[in-house]
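Asks: Compute the structure for the input listed below.
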Amino acid sequence: MSAATIGPARSRVDGRLKVTGAAKYAVEFTAPKCAYGWTVESNIAKGKITAIDTKAAQAVPGVLAVLTHLNTPKFQSAPKKEGGISSGIRNEERFPLSDDGVHYAGQYVALVVAETIEQARHAASLVKVTYAPEEPLLTMEAAVKKAEQPKKNRDEKVQIKKGDVDAAFKDSGLVKIEQTYLTPTETHNPIEMSGTIAHWESDKNLTLYDATQFVKGVQNIILARSFGLDREAVRIICPFVGGAFGCKGAVWMHVLLAAMGAKVAGVPVKLHVTRRNMFVGTGHRTPTRQTLSLAATRDGKLQAIKHVSETLTSPVGQFTESCGSRSTGLMYESPTIRVEESRRAGRRRA
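Replies: Prediction:
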């Protein structure tokens with residue numbers, strides 16, 4: 001294809017920094033006397049924690065703190081009504097380590113803070129957690145009784161009705177087509193794993209180096225709604241993002257855990273999400289079942305579209321993966337359109 005068609009080649013302003021390794025990503029920054037965090041994750045998808053034994057972990061040289069729901073200070077939880085997307089995205093509404101409940105496989109149930117990453121990882125392996133497992137809902141079929149049709153996904157309408165779709169499909173003069181499509185669970189796995197360095201410069205001043213696509217959203221969620229801070233007292237630093245696929249738009253639990261661990265330990269804390277935990281700790285795209293029905297004249301002019309979507313959502317959040325409202329409801333010209341979206345609360349498989 002000629003340059004006249006696609007335009008001349010352009011150099012990215014950050015290109016040289018990235019290809020030479022000079023670009024500095026969030027967890028590559030340094031903070032004075034920085035410690036390291038390592039998480040302990042649940043190995044069940046639903047249930048209760050009946051006991052946590054941290055004695056062996058606390059005895060490891062270099063360990064500064066071991067946080068669980070039994071000893072973590074109670075921070076202020078963000079309200080369910082977030083005030084629109086401009087105030088930040090928090091798909092998990094509960095605060096980490098806030099109680100003994102396990103809501104999905106891979107949920108963080110403890111955080112070890114130590115002077116070195118090796119000490120933190122070893123100590124985390126010594127934390128013993130006992131569970132009372134319950135039967136999880138792992139598929140859309142299993143969660144059928146939990147289905148609901150939300151009116152909105154944050155500020156966007158997800159149920160759309162334009163004209164009389166049923167009448168159009170009863171018209172014998174129109175050609176009708178109906179097909180159901182299934183898509184699987186998709187996980188985010190960019191080259192740069194998510195990570196945070198939390199540095200409390202004082203009791204009321206926090207600096208976060210965070211791998212995020214939404215700097216202001218992290219600032220808004222971390223400030224008064226989570227730690228009782230003024231907006232001006234929270235600084236978020238993220239000069240580069242090494243890929244995201246959307247998972248770095250929301251504030252996930254590792255961000256809050258880093259800030260909590262740094263507060264308790266009294267030193268900056270670096271918490272880098274492992275590749276394994278990128279599958280469970282930074283969200284994912286739900287499986288979907290989508291049925292599309294079309295009615296058109298014999299010369300191909302659409303007269304009706306019906307798009308019915310079924311998805312899963314989190315048991316600790318109310319996010320809707322809007323399949324039809326952002327596509328069928330916007331992109332096609334038809335005198336009648338109906339978009340129906342339902343979500344069911346399911347859990348990640350252990």
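Asks: for this structure, which spans come out with low pLDDT?
Replies: Within the chain, the ranges that satisfy pLDDT under 70 run 1-4, 76-86, 154, 224, 346-350.
Asks: now the helices for it?
Replies: For the chain, helices defined by DSSP state H occupy the ranges 3-6, 15-19, 55-58, 117-125, 165-170, 215-222, 253-265, 328-331.
Asks: could these be laid out in CSV, adding mean neighbour count and distance to H103?
Replies: Where C-beta positions appear, they are placed from N, C-alpha and C, glycine not excepted. Shown next, in CSV, are the helices of the chain (neighbours: other C-beta atoms under 10 Å; distance: least, C-beta to C-beta, whole Å):
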stretch, mean neighbour count, distance to H103
helix 3-6, 7, 48
helix 15-19, 12, 37
helix 55-58, 15, 23
helix 117-125, 19, 20
helix 165-170, 16, 37
helix 215-222, 21, 19
helix 253-265, 25, 11
helix 328-331, 15, 31
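Asks: ok, H188 - contacts?
Replies: Counting by C-beta atoms under 8 Å, 6 or more residues apart in numbering, H188 touches 244-247, 278, 282-284.
Asks: Count the neighbours of A51 for me.
Replies: Neighbour count for A51, taken as other C-beta atoms under 10 Å: 11.
Asks: just to revisit the earlier point, right, and the helices of the chain - which one's nearest L229?
Replies: Smallest distance to L229 across those (C-beta to C-beta): 7.1 Å, for helix 215-222.
Asks: got the angle for the closest one vs helix 253-265?
Replies: Calculated by axes from the mean of the first three to the mean of the last three C-alpha atoms, to 10 degrees, helix 215-222 forms an angle of 50 degrees with helix 253-265.
Asks: Mind giving me the packing neighbours of helix 215-222?
Replies: Counting contacts by 3 or more C-beta pairs under 8 Å, 6 or more residues apart in numbering; DSSP states H and E, helix 215-222 packs against strand 205-210, strand 234-237, helix 253-265.
Asks: Tell me which residues are up against that helix.
Replies: 78, 85-90, 206, 208, 210, 212, 229, 231, 234-236, 238, 249-251, 255-256, 259.
Asks: Any quick PyMOL command for the buried ones out of the residues you listed?
Replies: Burial among the contacts of helix 215-222 is assessed by 16 or more other C-beta atoms under 10 Å; the matching PyMOL selection reads:
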select buried, resi 78+87+88+89+90+206+208+210+212+229+234+236+238+249+250+251+255+256+259
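Asks: For S327, give its distance to L292.
Replies: Separation of S327 from L292 (C-beta to C-beta, to the nearest Å): 10 Å.
Asks: Identify the contacts common to the two.
Replies: Joint contacts of S327 and L292 (C-beta under 8 Å, 6+ apart) are H307.
Asks: Centre of the protein to the edge, which residue is at the far end?
Replies: The centre of the chain is farthest from one residue, G173, which by C-alpha atoms, centre = their mean lies 46.8 Å away.
Asks: For T297, see how far away that residue is.
Replies: For G173 relative to T297 (C-beta to C-beta), the value is 8 Å.
Asks: next one: V113
Replies: V113 sits 67 Å away from T297, going by C-beta to C-beta.
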